[in-house]
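Novice: no letters, just coordinates:
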């Protein structure tokens, strides 16, 4: 493999982790047909978390409004499928472009100021979009949501079935593809320069990294990926609603990323699996008070220290990895 | 026209009471507390309960709301918040969002998700014409309380011994404790006081803003706007910012009801782009 080794030690395990995730995902397709819709959610949330990790974990940009791009992806994909064309891949590309354009336009906002300013303007952008979607009800359906999204078969071959098998496989494929691309991106010189900016912005500037241009670029890319995640949600559920843009969505995704850990991409995937499984289980037990458990998790995680938690979650995985390495490389 | 201005001022004053506790914790103690609205909500619910269950008059509930919220802050500061002073803003944000969520769900569990109403006493419900401007009595009360509070705060921070201790503790914690200032106690009282003011604001504002379990999240953005636009180095900054926000919001809703909250959010973004440290902070701030 070419390219310098990332400084963060967890990133080194990622290449093998990729195989493990692939294996687990494939096994899940065969063994857990009842849970396709839940696993579809996991894949989408994982992709969304990966997009946030690109800016938070690698470039150190804090955002309280990443749902803006996710929600824009949801609505773009839904509207495109409804009014223009039902092809899923085409819809995803359009959703990605729309979200990336918004990212590019709002990147200016995150280049200046302190963390607090950044939190505020990202939150502000998300709130403006939420207001827009709410007010433009002739286009978006307002608070009732946008219904009647009909998707064409994937590649003209696989129709979206009731059990959600096609939907899950489709989301999973996109997730793995994007993970692969994201890993290439963060291991590239571009990704290295982002980490340099994250660790010491002044020094990065001094060695000639065009800080603002790089930050704007990764913000745009991250927005595009979030748009794809949103597009997947709209396409696989045939529905778009306001809660895609809600503040809750931005907070959830932060929690997902914090559960899994930032700065090595797979944290988003691990976090999404844990988060969605807990959501599924806890909201079956106490449907209304799910928010309480989210809050408790956030408080406990921060008090316990985020890094320690990541290590605790990863320890069984690293054991597995060691095992895989002890034998002759990745077997699957 | 003048009535709108008057309502806007009252609205802004209310925002100031709600947000100035946050300005204190954020500006002086450098802690991003997104759960600030939860203390305000606590004050609001205390008022509702005290009035309906205990039959206390409205004015007696205001100090009670202050005390309960301050007590809450006094309990939470040493047990939870203190551990986070040294951590990054990101950790503080996650932590306080978590707290806010827990508060929302807890209140929902005990009080139900319906909106609570506060029955104002008769003499506060009237309206007087003064110089051709219709003024609600309750609005007048709000403005009075808030003005007193703003002046009082400014005096406490700049003139009293406690104020100078607090500023010393913030400027350099180590030197301050070396000089014999009990930094933990200073922070404890500051935090409790800030929470108490929020509680008072919640009690006053329950009638204007409406009170339901989502209060901390719904108004979080407003508090943050006040603090980030006003800057956190002075008390006058947030005061002017909340007046501006109050007038803009009331006028915006009156003249362009279709635009909703766009005006506010857009103005905030523009101001933060133009002056990232806030509109009224001198130099680069702290």
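Specialist: All right, it came through fine. Predicted model only: the values in this text are computed from it and were never measured. Residues are numbered from 1 along each chain as shown, chains lettered A, B, ... in the order given.
Novice: centre-most residue in chain A?
Specialist: Per CA atoms, centre = their mean, the C-alpha nearest to the average position across chain A is that of residue A:48, at 1.5 Å.
Novice: what about stretch A:202-210, distance to the chain center?
Specialist: In this view, stretch A:202-210 has its centroid 29 Å away from the chain centroid, taken as CA atoms, centre = their mean, to the nearest Å.
Novice: need the distance between the two termini of that stretch.
Specialist: End-to-end distance for stretch A:202-210, by CA to CA, to the nearest Å: 11 Å.
Novice: what do you get for stretch B:50-58?
Specialist: Using CA to CA, the end-to-end distance of stretch B:50-58 comes out at 9 Å.
Novice: about what we covered before: retrieve the pLDDT associated with the residue nearest to the centre of chain A.
Specialist: Reading off the confidence values, residue A:48 has pLDDT 93.
Novice: and what of residue B:111?
Specialist: With respect to pLDDT, residue B:111 scores 79.
Novice: just checking, it touches residue B:211?
Specialist: No: using CB atoms under 8 Å, residue B:111 and residue B:211 do not qualify as a contacting pair, with a distance of 9.4 Å. Glycine gets a C-beta too; all of them are placed from N, C-alpha and C.
Novice: rewinding a little: need the contact list for the residue nearest to the centre of chain A.
Specialist: The contact partners of residue A:48, by CB atoms under 8 Å, 6 or more residues apart in numbering or on different chains, come to A:66, A:70, A:226, A:229-230, A:253, A:256, A:268, A:272.
Novice: Throw these into TSV and include pLDDT, distance to residue B:225 and neighbour count, thanks.
Specialist: Written out in TSV, the entries for the contacts of residue A:48 read as follows (pLDDT from 0 to 100; distance: CB to CB, whole Å; neighbours: other CB atoms under 10 Å in any protein chain shown):
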residue	pLDDT	distance to residue B:225	neighbour count
A:66	91	20	28
A:70	94	23	33
A:226	94	25	34
A:229	94	29	32
A:230	93	27	35
A:253	91	23	27
A:256	89	27	27
A:268	85	30	32
A:272	89	32	26
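Novice: which other helices and strands contact the longest helix anywhere in chain A?
Specialist: Under DSSP state H, the helix in chain A containing the largest number of residues is helix A:211-237. With contacts taken as 3 or more CB pairs under 8 Å, 6 or more residues apart in numbering or on different chains; DSSP states H and E, helix A:211-237 sits against helix A:36-56, helix A:67-83, helix A:88-111, helix A:165-187, helix A:189-199, helix A:201-206.
Novice: before we move on, back to that, what do residue B:111 and residue B:211 both touch?
Specialist: With CB under 8 Å, 6+ apart as the test, residue B:111 and residue B:211 both reach residue B:45.
Novice: of those two, which one has the most company?
Specialist: Set side by side, residue B:111 and residue B:211 show unequal neighbour counts under other CB atoms under 10 Å in any protein chain shown, the larger going to residue B:211 at 26 against 16.
Novice: for that one, give its distance to residue B:245.
Specialist: Residue B:211 sits 20 Å away from residue B:245 when distances are taken as CB to CB, to the nearest Å.
Novice: near chain B, which residues of the stretch 1-150 of chain A show up?
Specialist: A:56, A:62, A:64, A:108-109, A:112-117, A:119-121, A:123-125, A:127-128, A:131-132, A:134-135 (CB under 8 Å from any CB of the partner chain).
Novice: so how far is chain B from residue A:201?
Specialist: In this view, residue A:201 and chain B are 15 Å apart by CB to the nearest CB, to the nearest Å.
Novice: and that residue, what pLDDT?
Specialist: Residue-level pLDDT assigned to residue A:201 equals 85.
Novice: for residue A:190, see how far away the nearest residue to it once chain neighbours are set aside is.
Specialist: Leaving aside its chain neighbours, residue A:201 sits nearest to residue A:211 (6.2 Å; criterion: CB to CB, 6 or more residues apart in numbering or on different chains). For residue A:211, the distance to residue A:190 under the criterion CB to CB works out to 13 Å.
Novice: and those two? Which one has more around it.
Specialist: For residue A:211 versus residue A:190, the count of surrounding residues by other CB under 10 Å is larger for residue A:211: 18 against 15.
Novice: which pLDDT value goes with that one?
Specialist: pLDDT, read off for residue A:211, is 88.
Novice: done for today, thanks.
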